[in-house]
Each structure stands twice: as C-alpha cells, then as structure tokens.
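Trainee: Give the three-dimensional model of this entry:
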Amino acid sequence: MSVLRLESIYKSYGDTPVLRGIDLEVAAHEVIAVIGASGSGKSTLLRTINLLESIDDGQIWLGEQDISDPRTKPDAVRARIGFVFQHLNLFPHLSVLDNVTLALRHVLRVPAATASERGLALLDRIGLADKAQEFPDRLSGGQQQRAAIVRAIATTPELLLLDEITSALDPELVGEVLELVRELGAEGTTIIMATHEMAFARDVASRVVFLDNGVIAEQGTPAQVFGSPQNARTKEFLARFTA
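Mentor: The predicted structure is shown next:
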C-alpha cells in the first residue's frame, strides 16, 4: 500500500500557478528527493501534503484516507506526518527535551514520564542528551536542526517531510544533519525531502523527482536522473552542479 498518493494536484497563489497537475505515489520506506530551482514549487508541494496550504484541485491520500477532503481535521493528519522546516522552528522558550516531547505529550497524550524517556533516548542517539535541559539558543545551528528532526520523528510518523533543512546552516554543520537523515532512511523511514544537496540526493534517495515550474519534469532512480537525464530541463538544471 502507498504511504502517500497525490493525484492531479493544482495550487495557485492568486493568478500565479505553483503546482500544475502533480501526480506522485510514495511507497513505504522510500526516500524521495525533490530537486528543482528556487520557485519550482518544492516547498509548496510539501506544505500541501501537510495541509499547511490548501489545494485548488486534486486529491491527497495518506494511506487509505483522502486528507484533501474538506471535512478532514488538519491536526489529526499532522499528527501522522513529521515536518522539519527550512528555517529552524524550535520553540525558544522551551528546553530541548520539552521541544522534542511536545507532540507526544499534547497531541498523542503520552504520559510525561514516558515521553521524557523516549525524548532522552532519541537525544542520546544523536549525541544531545547532555543538552536536554538547555534552551535552543544554547545549541549550534546543526544541533538545533538535528533536535528538530528528532522532534519530528518522536511520534513515529508514517511520513517525514524535510524542507531544505540545510539551507540555513553554515557549511561545516551540514554534514551532521545529513548523516542523521541518512541513518533514518537506512532504517526504513519514509521520507520526502526537498533539497539542493545534489550529492546527498544521489547517495541517499531511492528516487529523485525533478520539479520544474510546478510540474514533475522527470523522475527515476538517482542513477537514471543524475547519470542519464532524459528531459532537456533536467540536463540544464543538473549542469549547474557539475560545471
């Protein structure tokens, strides 16, 4: 069964079309890298999946549920999807541990002691157990983004969405964040990541989707898309990274 299925998704802002008929099916344990130029619709695509943006037409299925049905409760859907944003979005007034366990405690109603135990185990896994009681501004950018990823997976979501999660980081911090994503993918987490890290997409993704002006211009395995792209726009886009 598909974890996610998008059928003819259209989205415009005013008179400007952003998504123009997106069809995409994501199987369990797939790692999908969505690549494309700025303004191609990558972030909007992820935001529509998480119901942060409404669609103009089409259907979005999460498992067997049509989550684009207007009767859908967005918070119930978001409890099933982890989302890590481009810009750091940890709550500055909460400790790192409280950030990580927030959804466990307030959405899934997990007892505080059980949530803290899971949160500490996850922080220990990424080497941040000693920062559990610190506030986010005491962490480096890379540590904050890793903590944000851990917060997103604390609820064991069916799908993890990552939106250009390294774009706000200094180059020396990018590696530690990408390594965590690599580990999650290897463990079977279903991931859709919008990324400009071409080498990482080539090494980690099971499928690469090239988004161009709101349409999927090409998709395939990393070897197919990066090694022998068929679409002229794909070739032009990738040439910028290999020139």
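Trainee: Show me where the chain has its helices.
Mentor: For the chain, the helices defined by DSSP state H cover 42-49, 74-78, 96-106, 112-125, 141-153, 171-186, 198-204, 222, 232-242.
Trainee: can you put the ones you listed in TSV and add mean pLDDT and mean neighbour count?
Mentor: (C-beta placed from N, C-alpha, C; glycine too.) TSV is the format used below for those (pLDDT from 0 to 100; neighbours: other Cβ atoms under 10 Å):
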stretch	mean pLDDT	mean neighbour count
helix 42-49	96	23
helix 74-78	92	14
helix 96-106	94	21
helix 112-125	94	16
helix 141-153	91	22
helix 171-186	87	16
helix 198-204	91	17
helix 222	96	17
helix 232-242	89	14
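Trainee: Nearest to A28, out of the ones you listed?
Mentor: helix 171-186 (12.5 Å; Cβ to Cβ).
Trainee: thinking again about what came up before, which one, of the helices of the chain, ends up nearest to G36?
Mentor: Of the helices of the chain, nearest to G36 by Cβ to Cβ is helix 42-49, at 5.5 Å.
Trainee: The closest one - contacts with which helices or strands?
Mentor: Applying 3 or more Cβ pairs under 8 Å, 6 or more residues apart in numbering; DSSP states H and E, one finds that helix 42-49 contacts strand 2-13, strand 16-27, strand 31-35, strand 159-163, strand 191-194.
Trainee: roughly how far apart are Q143 and D137?
Mentor: Using Cβ to Cβ, to the nearest Å, Q143 is found at 11 Å from D137.
Trainee: Please apply the same query to E164.
Mentor: 22 Å.
Trainee: OK, contacts around A148?
Mentor: When contacts are counted by Cβ atoms under 8 Å, 6 or more residues apart in numbering, A148 touches 84-85, 88-90, 99, 165.
Trainee: Burial check on R207, number of neighbours?
Mentor: Residues lying near R207 (other Cβ atoms under 10 Å) number 20.
Trainee: nope, A217 is what I meant
Mentor: With other Cβ under 10 Å as criterion, A217 counts 19.
Trainee: re the thing from before, would you mind telling me which of E164 and D137 has the busier surroundings?
Mentor: Between E164 and D137, counted using other Cβ under 10 Å, E164 has the larger neighbour count: 20 against 8.
Trainee: tell me, how many neighbours does S68 end up with?
Mentor: 21.
Trainee: surely it meets I60?
Mentor: Yes. S68 lies in contact with I60 (Cβ atoms under 8 Å); the separation is 4.3 Å.
Trainee: Check what pLDDT S167 gets.
Mentor: pLDDT recorded at S167 is 83.
Trainee: Grab the nearest non-local neighbour of it.
Mentor: Q86 (5.6 Å; Cβ to Cβ, 6 or more residues apart in numbering).
Trainee: Give me the phi and psi angles of the one you found.
Mentor: phi -60, psi -40 (degrees, to the nearest 10).
Trainee: and it, what does it touch?
Mentor: Counted by Cβ under 8 Å, 6+ apart, Q86 has contacts 43, 163-165, 167-168.
Trainee: Kindly report the same for D203.
Mentor: Per Cβ under 8 Å, 6+ apart, neighbours of D203: 182, 222.
Trainee: Recalculate using a threshold of 10 Å.
Mentor: 33, 178, 182, 197, 222 (Cβ atoms under 10 Å, 6 or more residues apart in numbering).
Trainee: What of P111?
Mentor: Here P111 is in contact with 104-105, 117 (Cβ under 10 Å, 6+ apart).
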